[in-house]
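S.K.: turn this into a structure:
(chains A, B, C and D)
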2 protein chains.
Amino acid sequence: MNVTLKDVAQLAGVSRSAVSRTFTEGASVSEKTRLKVMRAAEQLGYHPNALASGLTTGRTKLIGLISNNFHNPIFLEVFDLFTRGLQARGLRPLIINLSDETDPAQSVRQLRQYSVDGVLVASSTVATDFARAFRDAGMPVVHTFGRCAEAPPVHVVGIDNVECGRMAARALLDRGYRRLAFLGGPESATSTQDRLRGFLEVAGGTSGASASHSFAETYSFDAGRVEMRRVLAEGAAEAYFCGDDVLSIGAMSGLQSAGLRIPEDVGLIGLNDMEMARWNNIDLTTLRQPLPEIIDASVELVVSMLESPDSPPRSILFPAELVERGTLRRA
Amino acid sequence: MNVTLKDVAQLAGVSRSAVSRTFTEGASVSEKTRLKVMRAAEQLGYHPNALASGLTTGRTKLIGLISNNFHNPIFLEVFDLFTRGLQARGLRPLIINLSDETDPAQSVRQLRQYSVDGVLVASSTVATDFARAFRDAGMPVVHTFGRCAEAPPVHVVGIDNVECGRMAARALLDRGYRRLAFLGGPESATSTQDRLRGFLEVAGGTSGASASHSFAETYSFDAGRVEMRRVLAEGAAEAYFCGDDVLSIGAMSGLQSAGLRIPEDVGLIGLNDMEMARWNNIDLTTLRQPLPEIIDASVELVVSMLESPDSPPRSILFPAELVERGTLRRA
DNA sequence: GCGCGTATTGCAACCGGTTGCAAATACCTC
DNA sequence: GAGGTATTTGCAACCGGTTGCAATACGCGC
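M.R.: Sure thing, here's the model as predicted:
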C-alpha cells in the first residue's frame, strides 16, 4: 500500500537506519548513501510518516488550535493567519471547536490523544481554566487575546485592553463628546472588563465628562442591537465605545432604527477593524488590532516553547491604532 | 511522563492485550477484567494514544479539511459546522490552508504524512486537480461546494447552481424587472459558470426580457464594488443577480456611490444568506444555501467512505431557498 | 603496510498501541 | 466427575519509524 522505510532501504540496499538518518536533520550519513537513499525514495515516492516518527521522538508537529469563537468575522482572519503561520513553520493545526464544551478535562484528553506539541488558545472569552489545564497537562500553551498580566499563568499575546479603553475615551473627548458610554461585550470577558476600566479611568478623570456603561450578552450583532435599544430607552449618550466591531454594527442598527443619525446625532467607535468595518455601507471608526503581528508572535512563542518549555510565562502586548472613518464627527 | 497501556496493565495485574481490548469496541473481554482495567485506568488517568493506535489499525480519525477560502465570511460558518460535525463523530479536523498553494502533490504529501482517514475539500474555487489528486492517492474525498455532475470524479455535495441561476432570474422577472444582469464571481469558478447558465436560460426564454453578464475578479467586496461601477458606466440594468453575498454587498456599495437607490432604482439579489445579509444595514434579498444540511451530508459521506471506500462517487444536491429582504421591490 | 582516531553503518530495542493464534479457563450437559 | 464447546487470556509479532551502541570502514601519518 503505502511506501515505508523498509521499501526504500531494500531498494537502496542499505539498512532502515540509514534511510531514517537521511531524513533526519543532522544525523550522520555519508554523502554516498544519502544519494542512494534519496534516489530510491524519489523513485518510490516515499515520504516519512509524521505520526510514526512522532511516536518515538515525541514531536508530532501538531499544534492544537482552540477557540470558541466561530461567529465573529474577525476570527476568519484569525484562522487564516494562524493556519498560514503554522504551515510556514512546518506545523499543522488541529482544530478544537469549544463552542459547546465547558469541561477543560475533555479538551485536554483530546489533545493528549493526538500528542500535540503545543496549544494555541485563541479567544478572549474562553475560561482561563482551559489554558491552565493544558499547561498543567504539560503542554506548551499560548493564550492569544488573553488577559495580559504581570505574571500570567501562561504566555499571553494580545493588545492592551486597558489602554484601548483609554484611547477610545480620548478619541471621543477629543471630538467634543462629553456624555460618553461604554457598550461592552459580556461582563465576564476579561477583554470587556479591561476596556471598561481604561475607558472609565480617562472619562472619569476629565472634568465636564461623564461615562455610563452596560453590557451586551455576547459579542454579536443581535446582542449589540438589543442592548443599544435598551440603553436608548433610558436616554442616549453622545457617543458610544462598543466592545468590538460586530457589536458596534449591531449598535449602529439599533441607533438607526431609533431614527438617530451617525455621527450627527450619536458617535460610535468600535474595536478590531475587521474587514467589514471599512465597507462603505458600514464605514466604522474603530481601533485596529494588529492581527498579523499578534498571531505571528503567538506562533513564534509556541514554537520557542518547544525548545525551552520552562521559560516563565510572559505577556506580549501590541498597541492598537485609531482608524478614522465615518462614525465619529471630526475633531 | 504519560500514562501508557503498560502502566495500566501492571496496576490492573493483566496483560497489555487485555487493556487494549477493554478500550476497543467489540473485543472479547470478561466483565471482571474490564472492570479491573477500567478502575486502574481511571486511577492513573489513562487515555489511549490515537496516533499509536492509528499506526496499527490504519485509522487515525484525522480528517483533512482543505480550503482556499479564508476571506468570505460564510466560511466561518462553514468551519464552525465542519469542526462540530467532525467532533460529534469522534473525528478531528486537520486544516490545510490552500491560499498560496497551487501544487496538489504538496498537499497530498502533507496529508499522507499524517495518514488522514479522509479529506474534505471545501471550496468552489479550488482546482479540481486537488480533489482528484487526493482520490488518486487513495484517500476518501468529498468535495463540498464542488460542481455537481452526472458522474463526478469524487463525491460532491452542494447546491444546484444552475437551478439557483434559474431561481434568481425567476425572482427578478416575477417582480417585473426586465433588463436583468448577472454579476458573477471569477469566470473560472464552476459555481459562477453554472449560475450564469441557469440565469441566462430563464431570462433568455422570457419574451421581453434581456440579460447581460460580467465577472468580478474574486468573490469579494472590493471586486463587487469595482465591477459594479465599471458596469454602471455602460448603463445600469434594472436588477442584478450577484455571484454571492459578499459580492452583492460590494455591488450595493457601488450602486449607492453612484447615487442609485436600492430597490427603488435598481434591484439586487445575492446568494448564500450569510449572517450579515440579515443585518439591518444590509438587509439583502438572497438565495439561502442550506449550510447545515450540506455540511452534515459531507461529513456523513466521508464517514461512510471509511467503511466502503469504493462506492462510486455521487452528487448530493440541496435546493436553495429565496430569502426575501429589502433589496428587491415587491412582486 | 600498520596503527590510530574519526565517520559511517547495522543491529536490536524501543515508542504505544493492536491482533492472530494457541493455551487456559469457564461453562454445560450428561 | 468426565467430556466437549465457548470465552477469555497472554504471548509474540507487527505498525513505521528512531536511536544507543558496538562493529566496521575510512582517512591519514609514519
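
S.K.: residues in contact with the closest residue to DNA strand C within the stretch 101-250 of chain A?
M.R.: Going by Cβ to the nearest atom of the strand, DNA strand C is nearest to residue A:115 of the stretch 101-250 of chain A, at 7.9 Å. The way it works is simple: take the backbone N, C-alpha and C, and place the C-beta from them, glycine included. Residue A:115 makes contacts with A:54, A:58, A:60, A:62, B:2, B:49, B:51, as judged by Cβ atoms under 8 Å, 6 or more residues apart in numbering or on different chains.

S.K.: can you check residue A:60 too?
M.R.: Applying Cβ under 8 Å, 6+ apart, the residues near residue A:60 are A:50-51, A:54, A:114-117, B:51.

S.K.: still on that earlier bit, pLDDT score assigned to the residue of the stretch 101-250 of chain A closest to DNA strand C?
M.R.: At residue A:115, the model reports a pLDDT of 94.

S.K.: buried ones in stretch A:316-331, by neighbour count?
M.R.: A:316, A:318, A:320, A:322-323, A:325, A:327-329 (16 or more other Cβ atoms under 10 Å in any protein chain shown).

S.K.: same question, stretch A:186-202
M.R.: Buried residues in stretch A:186-202 (16+ other Cβ under 10 Å): A:186, A:189-196, A:198-200, A:202.

S.K.: next one: stretch A:222-238
M.R.: So stretch A:222-238, judged by 16+ other Cβ under 10 Å, has buried residues A:222-229, A:231-232, A:236-238.

S.K.: repeat for stretch A:4-20
M.R.: Buried, per 16+ other Cβ under 10 Å, within stretch A:4-20: A:4-5, A:7-9, A:11-12, A:14, A:18-20.

S.K.: filter the residues you listed down to the ones close to DNA strand D.
M.R.: A:4-5, A:20 (Cβ under 7 Å from any atom of the strand).

S.K.: for residue B:271, state which of those is nearest.
M.R.: residue A:4 (47.0 Å; Cβ to Cβ).

S.K.: thinking again about what came up before, mark which of the buried residues of stretch A:316-331 are part of strands, please.
M.R.: A:316, A:318, A:322-323 (DSSP state E).

S.K.: returning to that earlier point: could you dump the contacts of residue A:60 into a markdown table with secondary structure added?
M.R.: Shown next, in a markdown table, are the contacts of residue A:60 (DSSP: H, G, I helix; E, B strand; the rest coil):
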| residue | secondary structure |
| --- | --- |
| A:50 | helix |
| A:51 | helix |
| A:54 | helix |
| A:114 | coil |
| A:115 | coil |
| A:116 | coil |
| A:117 | coil |
| B:51 | helix |
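
S.K.: so which residues make contact with stretch A:41-49?
M.R.: Residues contacting stretch A:41-49 (Cβ under 8 Å, 6+ apart): A:2-5, A:7-8, A:11-12, A:19, A:22-23, A:40, B:109, B:112-113, B:115.

S.K.: tell me which two of the residues you listed sit farthest apart.
M.R.: Spanning the widest gap among these are A:12 and B:115, at 23.0 Å by Cβ to Cβ.

S.K.: quick one: which of the ones next to DNA strand D among the buried residues of stretch A:4-20 sit in helices?
M.R.: A:5, A:20 (DSSP state H).

S.K.: excluding chain neighbours, give the residue nearest to residue A:37 in space.
M.R.: residue A:22 (4.3 Å; Cβ to Cβ, 6 or more residues apart in numbering or on different chains).

S.K.: and that neighbour, how far from residue A:14?
M.R.: Distance of residue A:22 to residue A:14, given as Cβ to Cβ, to the nearest Å: 9 Å.

S.K.: and for these two, which residues touch both?
M.R.: A:33, A:37.

S.K.: ok so, going back, by pLDDT, give me the weakest of the contacts of residue A:115.
M.R.: residue B:2 (84).

S.K.: mind checking the SS state of the closest residue to it other than its chain neighbours?
M.R.: Spatially, and ignoring its direct neighbours in sequence, residue B:2 is nearest to residue A:112 (7.3 Å; Cβ to Cβ, 6+ apart). Per three-state DSSP, the local secondary structure of residue A:112 is helix.

S.K.: count of neighbours near residue A:112?
M.R.: 21 (other Cβ atoms under 10 Å in any protein chain shown).

S.K.: could you say which helix or strand holds residue A:229?
M.R.: For residue A:229, the element it lies in under DSSP states H and E is helix A:221-233.

S.K.: what do you get for residue A:86?
M.R.: helix A:74-88.

S.K.: thought residue A:153 was touching residue A:136?
M.R.: No - counting by Cβ atoms under 8 Å, residue A:153 stays clear of residue A:136, with 9.5 Å between them.

S.K.: which of these two has more neighbours?
M.R.: Higher neighbour count among residue A:153 and residue A:136: residue A:153, with 16 against 13, using other Cβ under 10 Å.

S.K.: next, give phi and psi for the nearest residue to the more buried one once chain neighbours are set aside.
M.R.: Among residues not flanking residue A:153 along the chain, residue A:132 sits closest, at 5.3 Å (Cβ to Cβ, 6+ apart). Main-chain torsions, residue A:132, degrees, to the nearest 10: phi -60, psi -40.

S.K.: hmm, back to that, out of the contacts of stretch A:41-49, which comes closest to residue A:300?
M.R.: residue B:113 (23.1 Å).

S.K.: how about the closest one: what's its closest non-neighbour residue?
M.R.: Residue B:113's closest residue in space is residue A:50 (Cβ to Cβ, 6+ apart), at 4.2 Å.

S.K.: wait, that neighbour touches residue B:111, no?
M.R.: No - applying Cβ under 8 Å as the test, residue A:50 and residue B:111 come out as separate, 10.4 Å apart.

S.K.: you'd agree residue A:294 is in a strand?
M.R.: No - per three-state DSSP, residue A:294 lies outside any strand segment and is helix.

S.K.: contact partners for it?
M.R.: Applying Cβ under 8 Å, 6+ apart, the residues contacting residue A:294 are A:144-145, A:157-159, A:318.

S.K.: for DNA strand D, what are the nearby residues on chain A?
M.R.: So chain A meets DNA strand D at A:1-2, A:4-6, A:16-17, A:20-21, A:23-24, A:27, A:46, A:48-49, A:52-53, A:55-57 (Cβ under 7 Å from any atom of the strand).

S.K.: what parts of the stretch 151-300 of chain A come near chain B?
M.R.: With Cβ under 8 Å from any Cβ of the partner chain as the criterion, the stretch 151-300 of chain A meets chain B at residues A:221, A:225, A:249-250, A:252-253, A:256-257, A:275-276, A:279-282.
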